[in-house]
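1. what follows is a predicted protein model with its sequence.
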Amino acid sequence: MPFRRSILREAEQRELRLGDTVVAYTLKRSSARRSLALRVSEAGEVTVNAPLRMAWRHIEAFLAKHSDWLRQRLQAVRDEGSRWHEGMALPYLGQVRVLSLAPDALPCVFPLADRMIVGGSPEAVPQVVTEWYQAEAEPLLRERLALHVERIGQRMPRFRMTGATSRWGSLSPTGVLSLNWRLIKASLAEIDYVICHELAHVRVPNHSRAFWREVAALYPDFEPAKDQLRRNGALYFQF
């Protein structure tokens with residue numbers, strides 16, 4: 001029986017500066033790869049695939065060469081579906097509410113069970129809605145984080161809310177746990193999965209099998225929430 005060499009894989013989170021913007025991406029290395037590849041998902045998630053032992057300078061040069069394409073692709077993802085209009089779907093905590101414009105009303109959001117009435121001029125609507133989401137997200141994300149930290153007996157990390165264009169959360173080397181405000185659009189199951197994903201990085205900094213075992217220990221039924229987040233990512237990242 002012929003000998004089959006096992007495929008080795010590694011994954012890590014990195015950041016790339018494109019002008020004034022910092023773009024988060026996942027670097028995936030594999031012993032089965034022989035070339036570099038760059039991909040942007042419909043949700044704006046950036047992935048770089050590279051050979052396992054390729055020197056960093058070659059990856060860096062590859063990203064620099066394709067920086068213009070990457071910038072254009074990310075902008076296209078942001079522009080797609082972000083045209084604000086009456087009846088636009090606005091996801092909120094796993095449910096979809098319909099945008100109802102009220103140009104003669106004060107520039108604020110009036111949330112109802114099945115719709116969101118947004119006052120102000122049409123030009124102001126994107127900012128009004130975005131600021132409302134961000135204000136709703138901060139206390140809820142902090143509350144869910146505190147709940148899980150207490151449940152598993154960890155110390156409450158320093159918390160930061162971000163507006164990253166391609167990452168739901170991160171854990172910095174200094175222990176700062178960041179969560180994307182757009183998670184307020186997701187269900188609590190999806191939010192809890194992202195939080196436990198980042199808390200798992202406290203013990204396992206990579207995305208190895210040991211890491212996913214740690215995620216399963218913190219959130220046993222994480223797979224459905226992970227799949228749901230992947231399916232809904234494009235909707236959540238529309239604005």
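-> That came through, no problem. None of the values given here were measured: they were computed from a predicted structure.

2. residue ranges of the helices in the protein, please?
-> 56-65, 67-79, 125-152, 188-200, 209-218, 222-236 (DSSP state H).

3. quick one: closest of the ones you listed to L101.
-> helix 125-152 (6.8 Å; CB to CB). Just so you know, the C-beta spots here come from the backbone N, C-alpha and C atoms, and that holds for glycine as well.

4. picking that back up, deepest of the helices of the chain, which one?
-> The highest mean neighbour count among these, using mean count of other CB atoms under 10 Å, belongs to helix 188-200: a mean of 22.

5. same list (the helices of the chain) but as CSV, adding mean pLDDT and distance to L177.
-> Shown next, in CSV, are the helices of the chain (pLDDT from 0 to 100; distance: least, CB to CB, whole Å):
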stretch, mean pLDDT, distance to L177
helix 56-65, 93, 26
helix 67-79, 83, 24
helix 125-152, 96, 7
helix 188-200, 97, 5
helix 209-218, 95, 13
helix 222-236, 90, 17
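
6. between the ones you listed, which one is closest to G87.
-> When those are ranked by proximity to G87 (CB to CB), helix 125-152 comes first, at 12.9 Å.

7. just checking, what packs against the closest one?
-> Using 3 or more CB pairs under 8 Å, 6 or more residues apart in numbering; DSSP states H and E, the elements in contact with helix 125-152 are strand 89-92, strand 95-102, strand 109-111, strand 115-119, strand 158-162, strand 176-180, helix 188-200.

8. next, the angle from it to strand 158-162.
-> 150 degrees (axes from the mean of the first three to the mean of the last three CA atoms, to 10 degrees).

9. S121: neighbour count?
-> S121 has 11 neighbours, counted by other CB atoms under 10 Å.

10. what's the closest non-adjacent residue to it?
-> P103 (6.0 Å; CB to CB, 6 or more residues apart in numbering).

11. TSV for the helices and strands packed on helix 125-152, including distance to E10?
-> Below are the helices and strands packed on helix 125-152 laid out as TSV (distance: least, CB to CB, whole Å):
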stretch	distance to E10
strand 89-92	33
strand 95-102	38
strand 109-111	43
strand 115-119	43
strand 158-162	25
strand 176-180	22
helix 188-200	16
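
12. can you check which of the ones you listed gets nearest to W56?
-> Using CB to CB, the nearest of the helices and strands packed on helix 125-152 to W56 is strand 176-180, at 23.8 Å.

13. ok, the nearest residue to H58 once chain neighbours are set aside to A216 distance?
-> Nearest residue to H58, sequence neighbours excluded (CB to CB, 6+ apart): L36, at 7.6 Å. Distance of L36 to A216, given as CB to CB, to the nearest Å: 31 Å.

14. ditto for E60
-> 34 Å.

15. V96 too?
-> Taking CB to CB, one finds V96 at 30 Å from A216.

16. likewise for R115?
-> R115 is 38 Å from A216, by CB to CB.

17. ditto for L235
-> 27 Å.
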